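# turn this into a structure:
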Amino acid sequence: MTTCIAHRGWSGKAPENTMAAFELALNEPKIYSIELDIHLSKDDVPVVIHDYTIDRTTDGKGFVNDYTAEELSAFDAGQWFSPEFKGQNIPTLEEVIELVKGKKKLLIELKQMGARYPKMEEKVVELIQKHELHDEIVIMSFDHESAKKVKELDGNIEIGITFIGRPTMLEEQLAYTGATHLSLHHGYMTEEFMEQLRQLNVEVGVWTVDDAESIDRIQNIDPTIFITTNHPVLLV
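Below you'll find the model as predicted:
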């Protein structure tokens, strides 16, 4: 059966990257893993939100790192989605770890951009080590230097690299970063490309697949491909 990853939690049913979305995903046994996004607050706390600003998904304005973690927690991150989720906030990564630990794997995407968050990798690795999560997480990033840095800080952490398009020189990139996972937009996946990936001994995932036709296409290419979706109901 295709492995289902809940994108930003069950974000088709609840506001993305909130505890409500993560709890819904936890309650579905057929969801294998929960994906989430990490930024750093002004006081260098890893917080769970996708955008670099809080404008789209909260009632606040400004960049995430304009605020401390405590200040971020005061913004409403649920009412934009539906009035029933009023009061949901921006959780810290540690709060999500405490909720999910021992129940499902976490796919943690670091929203690093060059040196925007100088302490991001160290702070995330500290939490992984504190909670002994090595077997329960994968760290991903579009910033491959960021993923590589995580691996250098703790060689027992599984890391992955993410792509917008279809990458070239993959063997070299995997060797350089130490990645064992690879993720790309589902539109770039083909049977020919998957055949190439099979030779690299790497776990392969695609994002974000939100319609039945696209899910069928990916499953027909290879049922072992991990599928990240906002609507796990299409898979489970």
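# tell me the phi and psi of His7?
The phi and psi values for His7, taken as degrees, to the nearest 10, are phi -80, psi 110.
# the one 5 residues further on too?
Phi and psi for Gly12, reported as degrees, to the nearest 10, are phi -80, psi -20.
# burial count for Ser214?
The tally of other residues near Ser214 (other C-beta atoms under 10 Å) stands at 18. From N, CA and C alone the C-beta is placed, and that goes for glycine too.
# right, and it touches Met189 too?
No. The pair Ser214 / Met189 is not scored as a contact, 9.6 Å apart, by C-beta atoms under 8 Å.
# any low-confidence regions in this structure?
Low-confidence segments of the chain, defined by pLDDT under 70: 1.
# how far off centre is the longest strand seen in it?
Across the chain, the longest stretch assigned as strand under DSSP state E is strand 31-40. With C-alpha atoms, centre = their mean, to the nearest Å as the basis, strand 31-40 stands 4 Å off its chain's centre.
# what's it packed up against?
strand 4-7, helix 19-26, strand 46-48, helix 93-100, strand 105-110, helix 120-130, strand 226-229 (3 or more C-beta pairs under 8 Å, 6 or more residues apart in numbering; DSSP states H and E).
# and the closest residue to Val64 other than its chain neighbours, how many neighbours does it have?
Among residues not flanking Val64 along the chain, His39 sits closest, at 4.3 Å (C-beta to C-beta, 6 or more residues apart in numbering). For His39, the neighbour count with other C-beta under 10 Å is 27.
# list the contacts of His39.
If you count contacts by C-beta atoms under 8 Å, 6 or more residues apart in numbering, His39 has them with 46-47, 49, 52, 64-65, 111, 117, 120.
# separation between Lys101 and Asn27?
Remark: distance between Lys101 and Asn27 (C-beta to C-beta, to the nearest Å) = 16 Å.
# give me the more crowded residue out of the two.
Neighbours were counted for Lys101 and for Asn27 using other C-beta under 10 Å; Lys101 has more, 14 against 10.
# the more buried one contacts Leu133, doesn't it?
Yes. Counting by C-beta under 8 Å, Lys101 does reach Leu133; the two are 6.8 Å apart.
# residue with max distance from the center of the protein?
Here the chain reaches farthest from its C-alpha mean at Glu192, the gap being 26.3 Å by C-alpha atoms, centre = their mean.
# quick check: that residue vs Arg166, distance?
To Arg166, Glu192 is 10 Å away according to C-beta to C-beta.
# same question for Lys101.
Distance from Lys101 to Arg166, counting by C-beta to C-beta: 35 Å.
# just Val64 next, same as before
As judged by C-beta to C-beta, Val64 and Arg166 stand 30 Å apart.
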